[in-house]
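Colleague: Here is my input; please provide its structure:
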Amino acid sequence: MTTVFHSIQDLRVQLNQDRNAGRRIGFVPTMGNLHEGHMDLMRASKSGCDVTVASIFVNPMQFGPNEDFDAYPRTLDSDLAQLKNESVDYLFAPTVREMYPDGVNTQIEVPSLGNILEGASRPGHFTGVATVVAKLFNIVQSDIAYFGRKDYQQLAVIRRMVMDLLLPIQIQGVATGRAADGLALSSRNAYLSDSERQQAPAIYAALQWAGQQISQGNLNYGMIEREAAAQIDNAGLKTDYFEIRCAQNLTAPGHSQRELVILTAAQLGKARLIDNLEVTAP
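Modeller: Coordinates of the predicted model:
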């Protein structure tokens, strides 16, 4: 049975009881419209913790003026059914007023990681992410929080925020869930038409091609980036960026750096799709 909380105070009362009983608390923050990738996060929490808390909150702070806040899918009933099926203990589903009772005043920025790549294309996005995640961490005060590695830059921003603010929480990344044809599982896949859904795997195919080039010793990263972006565009998508970066801090890599991540974003119809691939250079 999954108990639903809409109030911060009510959730805190319950979690204080669990904490006082010595239970290890895991937390999975989401924006809802749950899919199998989210369930992987729930299972990771359940395997490592005594109590699992999921949150569903569509955060207005991380949507730009021309983005899809009002249209973002809100599917609380089916989300709750999935959480019950996974025996998730608690769902925290606050209103915007509960999370921002006096509007937005204090904001958290991680400029070194939040203003590049996705942050350059979506100004203010990661400020919204960092601010709401910090608020959620303060509410739940879990031992561990689980995030999907599909949102690699988001994971990096959150890790940096936790480190810099000395927050007493462990961040665990969970492998990207994928469909059989390689498309990363995402709530925004629901925006794809049937024909667009057939085009979308070109993103992962280009990532795999680029990863193979690096693994085989090709260090001409600029050429790889241009060719892979052209592969995506030739499949009918519109590439925003396709970049090879250092896995640790997302800076441009030198040839001596081996642990890399390839990150890309592309527009397909109404959907903005992002994906990444971690690779080790020889």
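Colleague: Could I get the buried residue list for the host helix or strand of Leu260?
Modeller: Remark: Leu260 resides in strand 259-268, with elements defined by DSSP states H and E. Of all the residues in strand 259-268, those buried under the rule 16 or more other CB atoms under 10 Å are Leu260, Val261, Ile262, Leu263, Thr264, Ala265, Ala266, Leu268. For glycine as for every other residue, the C-beta is placed from the backbone atoms N, C-alpha and C.
Colleague: residue boundaries of the helices in the stretch 151-282 of the chain?
Modeller: 152-164, 194-199, 202-215, 221-234 (DSSP state H, counting those that start in this stretch).
Colleague: Just the buried positions in the third one, please.
Modeller: Within helix 202-215, the residues scored as buried using 16+ other CB under 10 Å are Ala202, Ile203, Tyr204, Ala205, Ala206, Leu207, Ala210, Gly211, Gln213, Ile214.
Colleague: Equivalent analysis for the shortest one, please.
Modeller: Of the residues in helix 194-199, those buried under the neighbour-count criterion (16+ other CB under 10 Å) are Glu196, Arg197, Gln199.
Colleague: Repeat that for the last one.
Modeller: Taking 16+ other CB under 10 Å as the basis for neighbour counts, the residues of helix 221-234 that come out buried are Tyr221, Ile224, Glu225, Ala228, Ala229, Gln231, Ile232.
Colleague: same deal with stretch 37-52?
Modeller: Buried positions in stretch 37-52, judged by neighbour count with 16+ other CB under 10 Å: 37-46, 49, 51-52.
Colleague: Just list the residues touching His35, thanks.
Modeller: The contact partners of His35, by CB atoms under 8 Å, 6 or more residues apart in numbering, come to Gly177, Leu185, Ser186, Ser187, Asn189.
Colleague: can you tell me which residues contact the spatially closest residue to the second one that is not a sequence neighbour?
Modeller: This means Leu185. Closest residue to Leu185 in three dimensions, ignoring its sequence neighbours and counting by CB to CB, 6 or more residues apart in numbering: Gly37, at 3.7 Å. Contacts for Gly37 were tallied using CB under 8 Å, 6+ apart; they are Gly148, Lys150, Thr176, Gly177, Ala184, Leu185, Ser186.
Colleague: And Gly177, by the same measure?
Modeller: Gly177 touches His35, Glu36, Gly37, Asp40, Gly148, Lys150, Ala184, Leu185, counting by CB under 8 Å, 6+ apart.
Colleague: Quickly name whichever of these is closest to Arg159.
Modeller: Out of these, the one with the shortest distance to Arg159 is Gly148. That distance is 13.5 Å, counting by CB to CB.
Colleague: What values do phi and psi take at the closest one?
Modeller: With angles defined as degrees, to the nearest 10, Gly148 sits at phi -80, psi 140.
Colleague: That one bridge partners, please.
Modeller: Here Gly148 sits in beta bridges with Val174, going by DSSP bridges.
Colleague: Now do the contacts for it.
Modeller: Taking CB under 8 Å, 6+ apart as the definition of contact, the neighbours of Gly148 are Gly37, His38, Asp40, Leu41, Leu155, Gly173, Val174, Thr176, Gly177.
Colleague: quick check, nearest of the residues you listed to Arg23?
Modeller: Minimum separation from Arg23 among the contacts of Gly148 (CB to CB) is found for Leu41, which lies at 18.9 Å.
Colleague: CA atoms only: put the one helix or strand the closest one maps to into CSV for me.
Modeller: Here Leu41 sits within helix 36-48, counting by DSSP H and E. Coordinates of each C-alpha in helix 36-48 appear next as CSV, following Å, rounded to 0.1, in the frame of the first residue of the first chain:
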residue,chain,number,x,y,z
GLU,A,36,9.6,1.7,-16.6
GLY,A,37,12.7,3.9,-16.2
HIS,A,38,11.2,5.4,-13.1
MET,A,39,10.3,2.0,-11.8
ASP,A,40,14.0,1.0,-12.1
LEU,A,41,14.7,3.9,-9.7
MET,A,42,12.0,2.7,-7.3
ARG,A,43,13.4,-0.8,-7.3
ALA,A,44,17.0,0.5,-6.7
SER,A,45,15.7,2.4,-3.7
LYS,A,46,13.7,-0.6,-2.4
SER,A,47,16.7,-2.8,-2.7
GLY,A,48,19.0,-0.4,-0.7
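Colleague: circling back to that earlier point, save the contacts of Gly37 as CSV, and put in distance to Gly64 and pLDDT too.
Modeller: CSV is the format used below for the contacts of Gly37 (distance: CB to CB, whole Å; pLDDT from 0 to 100):
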residue, distance to Gly64, pLDDT
Gly148, 21, 97
Lys150, 20, 97
Thr176, 24, 97
Gly177, 26, 96
Ala184, 21, 98
Leu185, 23, 96
Ser186, 18, 95
